[in-house]
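Asker: sequence and predicted structure, then a few things I'm wondering about:
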Amino acid sequence: MSAPRHFLDLDELEAGTLRSILDLAGELKSNGAAPARPRFAGKAVAMIFDRPSTRTRVSFELAIKGLGGDAVVLNAKDMQLGRGESIADTARVLSRYVDAIMIRTDHHAKLVELAGAATVPVINGLTDRSHPCQIMADVMTFEAHRGPIRDRTLAWTGDGNNVATSWIHAAQRFDFKLRLACPAELAPAPEVLAWAAERQARVQLFTDPREAVRGADAVMTDVWVSMGDGDAERRRRLLTPYRVDEALLGQAESDALFMHCLPAHRGEEVTAGVIDGGRSVVFDQAENRLHAQKGILAWCLG
């Protein structure tokens, strides 16, 4: 039996593979309501949710159904996993029932353990380390509006969190310039920055958001306080200078896009004027989650 095609992190897949997934996603999006490919009829995906979700759940469930398959939605509290069954045993059992497993969880180690024991593809729907499916949709969105992302300049302002980590991986794999502005206390993990440096990725770290944003082709951010984050007030104090408002966006190119993975807290990490403005593509990003998920599932299922 050949090894399953896991989609765990962008740094674990070659650039050519990621590009082929995006090409497939674009093809499937262009097909629109065309009949599903027969080879996915009868395929099933188990979707495990340790954390609440809107976009991940809806996009994955509709993606597999749009490809002719079906989805089984599982919450940890409803599974034996929530009563002490090991992740590895859960993976072995689900591998007998379904053709792929998607998990949205808190600790990245759970994803790794699940993939290590599963005999079917495992997909990272989000962990505390990374959010690769989101960034695939985001690259797809940028290219739909501005053409190839290679050699372009993208700026991140805010927390160096799991989404920022996947942007760093993407910068190396898709060969674009990435500038990150983060408070020193909330910078991306040193090992992630070291990974990028070792591979000569064009990633720069700033503490001044204006320096990072100046001349950028897109400006990106995320919520300041996410699920599981403590010390909310401290985080807000540190991140207030990194809010994307009209003045900060004005430092970017005149046609720069504003991107946010959603959900957004208007008035915190971004002003209403920016997220609802003419340069915002946040809802295109949300829509493209569906198409990117189709491409990922089609690649995983072969």
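Answerer: Okay, I see it. Residues are numbered from 1 along each chain as shown.

Asker: and the residue most central in space within the chain, which of the three is it?
Answerer: The residue lying closest to the centre of the chain (Cα atoms, centre = their mean) is residue 134, at 2.4 Å. What DSSP: H, G, I helix; E, B strand; the rest coil gives for residue 134 is helix.

Asker: can you pull the pLDDT of it?
Answerer: On pLDDT, residue 134 comes in at 98.

Asker: for the one 5 residues further on, same thing?
Answerer: With respect to pLDDT, residue 139 has a value of 99.

Asker: mind listing what the spatially closest residue to residue 154 that is not a sequence neighbour touches?
Answerer: What sits nearest to residue 154 in space, not counting adjacent residues and going by Cβ to Cβ, 6 or more residues apart in numbering, is residue 218, at 4.7 Å. Quick note: C-beta positions are derived from backbone N, CA and C, even for glycine. By Cβ atoms under 8 Å, 6 or more residues apart in numbering, residue 218 lies in contact with 142, 146, 152, 154, 155, 252, 256, 257, 258, 259.

Asker: residue 277: neighbouring residues, count only.
Answerer: Residue 277 has 13 neighbours, counted by other Cβ atoms under 10 Å.

Asker: phi first, then psi, for it.
Answerer: phi -80, psi 180 (degrees, to the nearest 10).

Asker: for it, give me its contacts.
Answerer: Residue 277 neighbours (Cβ under 8 Å, 6+ apart): 246, 258.

Asker: recalculate using a threshold of 7 Å.
Answerer: By Cβ atoms under 7 Å, 6 or more residues apart in numbering, no residues touch residue 277.

Asker: gap between it and residue 249?
Answerer: 8 Å (Cβ to Cβ, to the nearest Å).

Asker: same check on residue 132?
Answerer: Taken as Cβ to Cβ, the span from residue 132 to residue 249 is 26 Å.

Asker: more crowded one of the two?
Answerer: Neighbour totals were compared for residue 132 and residue 249, and residue 132 leads with 28 against 24 (other Cβ under 10 Å).

Asker: and the strands in this protein?
Answerer: Along the chain, the segments classed as strands by DSSP state E run 44-49, 70-75, 100-104, 122-126, 153-157, 177-181, 203-206, 218-221, 257-260.

Asker: do you know which of those strands lies nearest residue 18?
Answerer: strand 122-126 (13.5 Å; Cβ to Cβ).

Asker: now find how far off-centre the closest one is within its chain.
Answerer: 9 Å (Cα atoms, centre = their mean, to the nearest Å).

Asker: okay, it in CSV with CA atoms only?
Answerer: This file holds the C-alpha atoms of strand 122-126, laid out as CSV (Å, rounded to 0.1, in the frame of the first residue of the first chain):
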residue,chain,number,x,y,z
VAL,A,122,-5.0,13.7,6.8
ILE,A,123,-5.6,17.4,6.2
ASN,A,124,-4.7,20.2,8.5
GLY,A,125,-7.9,22.3,8.9
LEU,A,126,-6.1,24.5,11.4
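
Asker: which residues are in contact with that strand?
Answerer: 6-9, 51, 56, 60, 100-104, 111, 114-115, 130, 132-133, 296, 300.

Asker: show the buried residues in those residues.
Answerer: Among those, the ones that count as buried by 16 or more other Cβ atoms under 10 Å are 6-9, 51, 56, 60, 100-104, 111, 114-115, 130, 132-133, 296, 300.

Asker: show the pLDDT at the residue nearest to residue 226 when sequence neighbours are not counted.
Answerer: Leaving aside its sequence neighbours, residue 226 sits nearest to residue 161 (Cβ to Cβ, 6+ apart; 6.9 Å). Residue 161 is assigned a predicted lDDT (pLDDT) of 97.

Asker: how many residues are close by residue 161?
Answerer: Residue 161: 23 neighbours (other Cβ under 10 Å).

Asker: I figured it hits residue 222, correct?
Answerer: Yes. Residue 161 lies in contact with residue 222 (Cβ atoms under 7 Å); the separation is 6.1 Å.

Asker: I'd guessed residue 118 sits against residue 95; true?
Answerer: Yes. The pair residue 118 / residue 95 is scored as a contact, 5.1 Å apart, by Cβ under 7 Å.

Asker: those two: which is more packed in?
Answerer: residue 118 (24 against 20).

Asker: would you put the C-alpha positions of stretch 251-263 in PDB?
Answerer: This file holds the C-alpha atoms of stretch 251-263, laid out as PDB (Å, rounded to 0.1, in the frame of the first residue of the first chain):
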ATOM      1  CA  GLN A 251       1.500  53.400   3.000                       C
ATOM      2  CA  ALA A 252       1.000  50.500   0.600                       C
ATOM      3  CA  GLU A 253       0.800  50.700  -3.200                       C
ATOM      4  CA  SER A 254      -2.300  52.600  -4.400                       C
ATOM      5  CA  ASP A 255      -3.900  49.400  -5.600                       C
ATOM      6  CA  ALA A 256      -2.800  47.200  -2.700                       C
ATOM      7  CA  LEU A 257      -5.300  44.600  -1.600                       C
ATOM      8  CA  PHE A 258      -6.500  44.200   2.000                       C
ATOM      9  CA  MET A 259      -6.700  40.600   3.100                       C
ATOM     10  CA  HIS A 260      -8.000  39.000   6.300                       C
ATOM     11  CA  CYS A 261      -8.800  35.300   7.000                       C
ATOM     12  CA  LEU A 262     -11.900  36.100   9.000                       C
ATOM     13  CA  PRO A 263     -13.600  36.300  11.400                       C
END
